[in-house]
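Participant: here is my input; please provide its structure:
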Amino acid sequence: MNRPTAIGTGMMHRQSQLVNLERNITLYPLSNYTFGTKEPLFEKDNSVAARFQRMREEFDQLGMRRSVEGVLLVHEHNLPHVLLLQLGTTFFKLPGGELNPGEDEVTGLKRLLKEILGRPDQPTQNWIIEDCIAQWWRPNFEPPQYPYVPAHVTKPKEHKKLFLVQIPELALFSVPRNYKLVAAPLFELYDNSPGYGPIISSLPGLLSRFNYIYL
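Facilitator: Numbering: from 1, shown residues only. Down below sits the predicted model:
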């Protein structure tokens, strides 16, 4: 079992070296937004086994997969809610997906948000990508992902980044017919890995460093 490494005590950083810990994020009420539907959006792979087989083939050609996901926040009664895509009755995920080879993370996330929640015949939403709030790695061609690179893993198979996305005051979301777009309160996600998985259930802690302005 690995134990913490003792590094001794050190001097505190000078005040001038401290970063600004006050970050304000504006949240608008869920009622500000309009929700429509569009044609179904299907995954590239029809099974978990097929997904990891494609990942294995692409890893041999392109190396580690890079993916991004957006954390979109609204509020109801001054309680922050995260917008999640729901497939079926028990599967939830953040909007996002795989980056193209050489694609910039912010550009790729905006492209994916338009593909998933926008319409080709409408102007692109003014998504403001705020912060990268988390990074997760997949060490093998298997479901488990970790917020660190596990020991002795030299070639992770996927690197995923989560970005906080500022939603405009007014917006139209076009949701694929095979999905639901749900607003989940942070208290519902907290410590609820059985219901939402380890990544989504970690969001309340990750988002606690922000100050929210409710309009």
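Participant: Glu22 contacts Asn211, doesn't it?
Facilitator: Yes. Here Glu22 reaches Asn211: they are 6.4 Å apart, a contact under CB atoms under 8 Å. Bear in mind the C-beta positions are built from the backbone N, C-alpha and C, glycine included.
Participant: find the residue at the geometric middle of this protein.
Facilitator: Centrality entry for the chain: nearest residue to the mean C-alpha point is Glu69, 3.3 Å, by CA atoms, centre = their mean.
Participant: in what helix or strand does that one lie?
Facilitator: Secondary structure from DSSP states H and E places Glu69 in strand 65-76.
Participant: got the buried residues for that strand?
Facilitator: The neighbour-count check on strand 65-76 (16 or more other CB atoms under 10 Å) flags Arg65, Arg66, Ser67, Val68, Glu69, Gly70, Val71, Leu72, Leu73, Val74, His75 as buried.
Participant: cool, stretch 166-186 as well?
Facilitator: Applying 16+ other CB under 10 Å to stretch 166-186 flags Gln166, Ile167, Ala171, Phe173, Ser174, Val175, Pro176, Tyr179, Leu181, Ala183, Ala184, Leu186 as buried.
Participant: pretty sure the third one contacts Thr124?
Facilitator: No. Judged on CB under 8 Å, Ala171 makes no contact with Thr124 at a distance of 10.8 Å.
Participant: circling back to that earlier point, then the strand holding Glu69 to PDB, C-alphas only?
Facilitator: What follows is strand 65-76, C-alpha atoms only, in PDB (Å, rounded to 0.1, in the frame of the first residue of the first chain):
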ATOM      1  CA  ARG A  65      -7.700   9.900 -27.300                       C
ATOM      2  CA  ARG A  66      -8.400  13.500 -26.200                       C
ATOM      3  CA  SER A  67     -12.000  14.400 -25.100                       C
ATOM      4  CA  VAL A  68     -13.700  17.400 -23.600                       C
ATOM      5  CA  GLU A  69     -17.000  17.900 -21.700                       C
ATOM      6  CA  GLY A  70     -18.900  21.000 -20.800                       C
ATOM      7  CA  VAL A  71     -20.300  21.800 -17.400                       C
ATOM      8  CA  LEU A  72     -23.300  24.100 -18.000                       C
ATOM      9  CA  LEU A  73     -25.000  25.700 -15.000                       C
ATOM     10  CA  VAL A  74     -28.400  27.300 -14.400                       C
ATOM     11  CA  HIS A  75     -30.200  27.900 -11.200                       C
ATOM     12  CA  GLU A  76     -33.700  27.300  -9.800                       C
END
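Participant: so how far is that strand from its chain's centroid?
Facilitator: 4 Å (CA atoms, centre = their mean, to the nearest Å).
Participant: tell me the mean pLDDT for that strand?
Facilitator: Strand 65-76 comes out with an average pLDDT of 97.
Participant: can you tell me the strand partners of the next helix or strand after it and which way each runs?
Facilitator: As assigned by DSSP H and E, the chain's next helix or strand after strand 65-76 is strand 79-87. According to DSSP bridges, strand 79-87 has the following sheet partners: strand 65-76 (antiparallel), strand 91-93 (antiparallel), strand 180-185 (antiparallel).
Participant: can you give the contact residues for the next helix or strand after the second one?
Facilitator: The one in question is strand 91-93. The helix or strand immediately downstream of strand 91-93 is strand 96-98, counting by DSSP H and E. Strand 96-98 has contacts (CB atoms under 8 Å, 6 or more residues apart in numbering) with Arg65, Arg66, Ser67, Val68, Glu69, Gly70, Leu109, Leu112, Leu113, Glu115, Ile116.
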